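**Q** I would like the atomic coordinates for the input below:
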Amino acid sequence: MRAATHVAAIFALYLAAAMLIPAALDLYYQSPDWKAFGFSAIFVGGIAMSVALATRGRMPQASPRFGFLLVNMLWFTTAIAGAMPFMASSLDMSLTDAFFESVSGVTTTGSTVMNGLDSAPPGLLLWRSLLSFMGGLGVIALGLFLLPFLNIGGVSYFKIESSDIEDRPFARFQTFTISLIGIYTALVFTCALAYVAAGMEGFHALNHAMSTIATGGFSTHDTSFLRYSQTPAVLWVGSIFMFIGALPFSIMILLTVRGRFDVLRDPQIRVFAGYSVVFALAVAIYLKVKLGMPFGMALTHSTFNFISVITTTGFSSDDYTLWGPFAVACIFVATFLGGCSGSTTGGIKAYRFLILFELMANGLRRLIYPHTVLPVRYGDRSIDDDMQRAVVLFVASFFILWAIFTVLLAATGLDFETAVTGSLTSLTNVGPGLGPIIGPVGNFSSLPDAAKWICTVGMLLGRLEILAVLVIFTPGFWSR
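**A** Below is the predicted model of the structure:
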C-alpha cells in the first residue's frame, strides 16, 4: 500500500503541474478562473508532495497484487485531483458533479453534467480535454503493459510475440513508451489540423482532437457535433480519427519501432472494421429508404454516429433516437462492441468476441465429437487457458454488473430506458445513453446524486476492465 500510494502521489504532482496549462489559458483570456486552477495546482501539489515524502522507501518486487493495487490507486488519485478545478471554478460544482465530470474525463467516457459549454471558461473546457488526453494514454498503457502482465486479458503483441521478446511485456520499455507518447501526440495534432482544414475553429479543433483520439467524447459545445451536422468534412475527419483511436497501439508502435508490417494481420482489426462497416451501411440504407434522406448525408451521419458509439467515443451529429426503431436497436447493440485491445476504447472489444465465438464453436463440435481436442485459436496462435478464463470471467462479470447497476439506477427513480442504458453506457464508457434524459441531445445533469455516484462507479469499473477492480475486494487479495 505504501509503495502504491507513493507512486500515485508522484503522479498527482504531474497533474498539479498540468493544471497550470488551463490556468495560463484563462489568464490569457482574462478569465477569473485562472485563480481556481492556480489554487488547485498548489493544493493538489502540496498534498501530493507531502504524501510522496511520507511514503518514500524501497519499491517492492513487481507482482500481480502490487499491479492491481497500483492501477486502482492511480485512477482513483487522478479522478480526485481532476475534480478539484471543477469545484474551485466559477461554476461552483458540487463534489458529486465535479467527481463525476473528472471520472468521465479520465475514463474517456464523455458523459457530462455540465450545461452551457459554449460559454464556459476556456480553461475549464481545456481541462476536460486534457483529462481525456491523459486518460487515453493511461488506457493504452493499461491494455498494452499491465493487463497482459496481470493475466486478466488484453491481447498485446508485447505478450503474443514471445519468439521476438521472450514473453516480456516490458522489453525495451523506454523505447516503447516514448514511441507510444510520440504516436499518440502526433495523432492528436494531425487530427486538430484536419479539423481546422475542414472548417472548425482552432481552439475547438484542438479540444475535439484530444477527445477524438482518446475516444473520450467531451465536446466544447452543448450540442456536440450537431453544430457541424451540415459540414460533412468535419464529420468524416471525426469518423476517420475515431476509427484510428480504436486500433491497437501495439501495432502502431511495432510498425514504428521495428517496421513489423506482419502485425497488421491482427484478426481483431478485421472484426472491428467489419462490424463498423456493416452497421454504418445498414443504417445508411435504412435512412435513405425509410426517411428519404439523401444517401450521401445518410452515410455521413450513420458512419459518424456508429463509429462514435462502437469506439465508445460518444460524439453525436444528430438525435439518432429519432431515426426509427431499427436504427435505435442497432445503436443499442453497438454500445456493447468496442474497438481493439490496446486502444483507447471501452466496451467488450473485438478480440473477446473472437475468442468467445471460438469457444462456442468448439463447444458445439464437442457435442458431436465428445473426445475431440480442439484448441482455441486467435488467428494463427493458440489461446492459453488463462486468456480463455479471463475472457469468460470478464463477460460474465460485465452482464452481472449491468443487471445490478440497472436495478440500482431504477431504485433512484429513473425510468427503465434511462436505467438500462445509463448503466450500460457507464460500464462500456460510451457516454450518451438512450432516451430524452441521457440520450445524444441530453446529459446527466438532471440525474439524482445517487444515480451519478452509481454511474461514476460503473465508469471506473468499465475502464479498469472490471476484474482489476473486483479483485481488490476479495478476501484473498489482502491475506498474506
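
**Q** Show me where the stretch 251-400 of the chain dips below the pLDDT cut-off.
**A** Low-confidence segments of the stretch 251-400 of the chain (pLDDT under 70): 260, 262.

**Q** In it, mark out all the helices, start to finish.
**A** Using DSSP state H, counting those that start in this stretch, the helices of the stretch 251-400 of the chain run over 267-291, 295-310, 325-337, 350-368, 385-411.

**Q** mind listing what's buried in the third one?
**A** Of the residues in helix 325-337, those with enough neighbours to count as buried (16 or more other CB atoms under 10 Å) are Ala327, Val328, Cys330, Ile331, Ala334, Thr335, Phe336, Leu337. For every residue, glycine as well, the C-beta is placed using N, CA and C.

**Q** Kindly present these as a markdown table, with separate columns for distance to Leu206.
**A** Compiled in a markdown table, these are given as follows (distance: CB to CB, whole Å):
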| residue | distance to Leu206 |
| --- | --- |
| Ala327 | 32 |
| Val328 | 33 |
| Cys330 | 32 |
| Ile331 | 28 |
| Ala334 | 28 |
| Thr335 | 28 |
| Phe336 | 31 |
| Leu337 | 28 |
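
**Q** Tell me the one of those nearest Lys35?
**A** Relative to Lys35, the closest of the buried residues of helix 325-337 is Thr335; by CB to CB it sits at 39.9 Å.

**Q** OK, contacts around the closest one?
**A** Listed by CB atoms under 8 Å, 6 or more residues apart in numbering, the contact partners of Thr335 are Val309, Gly347, Thr421, Leu424, Thr425, Thr428, Val430.

**Q** of those, closest to Leu131?
**A** Using CB to CB, Val430 comes nearest to Leu131 of the contacts of Thr335, at 17.0 Å.

**Q** wait, what's in contact with the closest one?
**A** For Val430, the contact set (CB under 8 Å, 6+ apart) comprises Thr109, Gly110, Gly217, Val309, Thr312, Thr313, Gly314, Thr335, Gly346, Gly347, Leu424.

**Q** How many residues are close by the residue found closest to the second one once you drop the neighbours it is linked to in the chain?
**A** Yep, that's Gly110 we're talking about. Closest residue in space to Gly110, ignoring its immediate chain neighbours: Gly217 at 2.3 Å, by CB to CB, 6 or more residues apart in numbering. The number of residues packed near Gly217 is 30, by other CB atoms under 10 Å.

**Q** and what of the one 4 residues further on?
**A** Each residue near His221 was counted by other CB under 10 Å, and the total is 15.

**Q** and if you look at Pro448?
**A** Around Pro448 there are 13 other residues, counting by other CB under 10 Å.

**Q** follow-up on the earlier one: dump the contacts of Thr335 to CSV, plus secondary structure.
**A** Listed next are these as CSV, based on DSSP: H, G, I helix; E, B strand; the rest coil:
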residue, secondary structure
Val309, helix
Gly347, coil
Thr421, helix
Leu424, helix
Thr425, helix
Thr428, helix
Val430, coil
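
**Q** rewinding a little: how about the helices of the stretch 251-400 of the chain in JSON lines, adding distance to Phe477?
**A** Formatted as JSON lines, these follow (distance: least, CB to CB, whole Å):
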{"stretch": "helix 267-291", "distance to Phe477": "30"}
{"stretch": "helix 295-310", "distance to Phe477": "34"}
{"stretch": "helix 325-337", "distance to Phe477": "29"}
{"stretch": "helix 350-368", "distance to Phe477": "24"}
{"stretch": "helix 385-411", "distance to Phe477": "15"}
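
**Q** just those: most buried one?
**A** When you average the neighbours per residue for each of these (mean count of other CB atoms under 10 Å), helix 295-310 leads with a mean of 24.

**Q** tell me the contacts of Gly379?
**A** Contact partners of Gly379, counting by CB under 8 Å, 6+ apart, are Arg265, Asp266, Pro267.

**Q** can you redo the contacts of Val430 as a markdown table with distance to Asn207?
**A** As requested, the contacts of Val430 are exported to a markdown table (distance: CB to CB, whole Å):
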| residue | distance to Asn207 |
| --- | --- |
| Thr109 | 16 |
| Gly110 | 12 |
| Gly217 | 12 |
| Val309 | 21 |
| Thr312 | 18 |
| Thr313 | 14 |
| Gly314 | 14 |
| Thr335 | 24 |
| Gly346 | 20 |
| Gly347 | 24 |
| Leu424 | 27 |
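
**Q** Neighbour-wise, which one of those residues leads?
**A** Highest neighbour count within those: Thr313, with 37 neighbours (other CB under 10 Å).

**Q** List phi and psi for the closest residue to it other than its chain neighbours.
**A** Leaving out its chain neighbours, the residue that sits closest to Thr313 by CB to CB, 6+ apart is Thr215, at 4.3 Å. Main-chain dihedrals, Thr215, degrees, to the nearest 10: phi 50, psi 50.
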